[in-house]
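Chemist: sharing a sequence plus its predicted fold:
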Amino acid sequence: MFDLSRTIKLITGALLDREATWREYLPEADNWQKTAFLLTGPLIIASAVLAYVFGLLASDGSMLSMFRPTILSTIGQIIMGGIGAGAFAFILATFAGTFGGKNNFALGLAAMTLAFVPGYIGQALVWLPWIGGLLAFGLGIFSLIQLWKIIPIYLDVPDSKRTIHYIASFISTIIVMVILSIILAPFMPGPSMDDVFSPTGTSSSSSEGMFGNMQRQAAIIAEAEEDTYSPPSDGKLTDRQVQNYASTMATVAGRRAESMKRMEALADEAENDESVSAKEIGAMMAGMSEVTALGTIEMETVKAEGTNWAEHMWVKETLWTAQMQQQGSEALEHNFALFEKYADQLNIEAGY
């Protein structure tokens, strides 16, 4: 299935005439083996090999030399690049089906590969002196923007679901690749977690914020899990507990809304082909980093306020039970009365 001239034509088109090339390849994209042999595989192998070559040519004997690619790390990068591409394509397609688009792995692989052609080139150039890292970073961001644009064409994700599909796919891929990198680390001496955060294995400079965020989240989770709370024997909530809970959840809702607005604004810029400055690129990565924390934002907020996470969860579960059952015991009736008393705050401000 490999056709060098066809591969070069598609890569050139994906760089210089993107949307026309995407639409031209679409009728052929339903065959994942063809895409793998024609595009995905050659791009992964070529980017890793060129990165190795440039790494050798750029060797200067400094401390940085010890981090440059080796034959083993290059082989590992190729293997993890293939795994990452397959995982990302599967996740894109699965979430596309969930959000009203096409659950088609072959189309997901084609969309991901075509969008990330600049990213693969950035990976190949990462060891160029002075500008390699910047090129890899910029081309990686550019690939993320192209992915946003190609998804509706290949996977038919509705406009109303594009943002949530994109975010869910990106976060899930990061999590999956972190888990895989940990599991495979003993057998894969080359790539690190930062090298495999995306299917392109782009420069770790673009992922430091995200993985730093994950480490911070892990610390928050560990701290929160140490919290203990013994509920009162009568099972009754207090006004203070309900007020604190409503206030905390209002903060959580606000932070989530701000993150979504920032992501939607960046998506609109990409959709309208607006130029993306260096400052905006930084904002995008900050936004991605923040989005990865959405799953623990409630826990983070609770700990930042100095509240006991175990008590917070007890209040949450008790309010939910009171709302559902309303009566049946003195405690239920008392708690439901408190729920009704603070219903406006719980339902509107806190998004309860």
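Modeler: Perfect, thanks for sending it.
Chemist: domain parsing for the chain?
Modeler: Following automatic domain parsing, the chain resolves into domains at 4-206, 208-349.
Chemist: let me have the ones you listed in a markdown table, adding mean neighbour count as columns.
Modeler: (Each C-beta comes from the backbone N, C-alpha and C, glycine too.) Below are those laid out as a markdown table (neighbours: other CB atoms under 10 Å):
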| stretch | mean neighbour count |
| --- | --- |
| domain 4-206 | 19 |
| domain 208-349 | 16 |
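Chemist: pick out the shakiest of those, pLDDT-wise.
Modeler: Least confident of these, judged by mean pLDDT, is domain 208-349 with a mean of 72.
Chemist: could you measure from residue 169 over to residue 133?
Modeler: 26 Å (CB to CB, to the nearest Å).
Chemist: check residue 45 too.
Modeler: Distance of residue 45 to residue 133, computed by CB to CB: 22 Å.
Chemist: how much space separates residue 178 from residue 40?
Modeler: For residue 178 relative to residue 40 (CB to CB), the value is 22 Å.
Chemist: er, residue 251 I mean
Modeler: Residue 251 is 43 Å from residue 40, by CB to CB.
Chemist: equivalent analysis for residue 23, please.
Modeler: Residue 23 is 19 Å from residue 40, by CB to CB.
Chemist: with residue 122 instead?
Modeler: 16 Å.
Chemist: for residue 343, same thing?
Modeler: Applying CB to CB, the value for residue 343 to residue 40 is 53 Å.
Chemist: can you check residue 87 too?
Modeler: 12 Å.
Chemist: next: residue 5.
Modeler: 17 Å.
Chemist: and if you look at residue 98?
Modeler: Plainly put, residue 98 is 23 Å away from residue 40 if you go by CB to CB.
Chemist: go on, residue 156?
Modeler: 21 Å.
Chemist: next one: residue 6
Modeler: On the measure of CB to CB, residue 6 and residue 40 end up 14 Å apart.
Chemist: now residue 25
Modeler: For residue 25, the distance to residue 40 - CB to CB - is 12 Å.
Chemist: same deal with residue 29?
Modeler: Separation of residue 29 from residue 40 (CB to CB): 12 Å.
Chemist: ok, now residue 233?
Modeler: 61 Å.
Chemist: same thing with residue 93?
Modeler: Residue 93 is 14 Å from residue 40, by CB to CB.
Chemist: is residue 229 in a helix, a strand, or coil?
Modeler: The three-state label given to residue 229 by DSSP: H, G, I helix; E, B strand; the rest coil is coil.
Chemist: ok, residue 30 next?
Modeler: With three-state DSSP as the basis, residue 30 sits in coil.
Chemist: apart from its neighbours in sequence, what residue is nearest it?
Modeler: residue 106 (5.2 Å; CB to CB, 6 or more residues apart in numbering).
Chemist: pretty sure that neighbour contacts residue 29?
Modeler: Yes: with contacts counted by CB atoms under 8 Å, residue 106 reaches residue 29, the gap being 6.3 Å.
Chemist: the stretch 251-352 of the chain: helices as residue ranges?
Modeler: Using DSSP state H, counting those that start in this stretch, the helices of the stretch 251-352 of the chain run over 278-291, 297-304, 309-325, 330-341, 343-344.
Chemist: what touches both of residue 29 and residue 40?
Modeler: Taking CB atoms under 8 Å, 6 or more residues apart in numbering as the contact criterion, no residue touches both residue 29 and residue 40.
Chemist: spit out the contact partners of the nearest residue to residue 312 once chain neighbours are set aside.
Modeler: Computed as CB to CB, 6+ apart, the closest residue to residue 312 that is not its neighbour in sequence is residue 302, at 4.9 Å. Counting by CB under 8 Å, 6+ apart, residue 302 touches 224, 248, 308, 309, 312.
Chemist: quick one: which of those residues is nearest residue 79?
Modeler: If you rank the contacts of residue 302 by distance to residue 79 using CB to CB, residue 224 comes first, at 36.0 Å.
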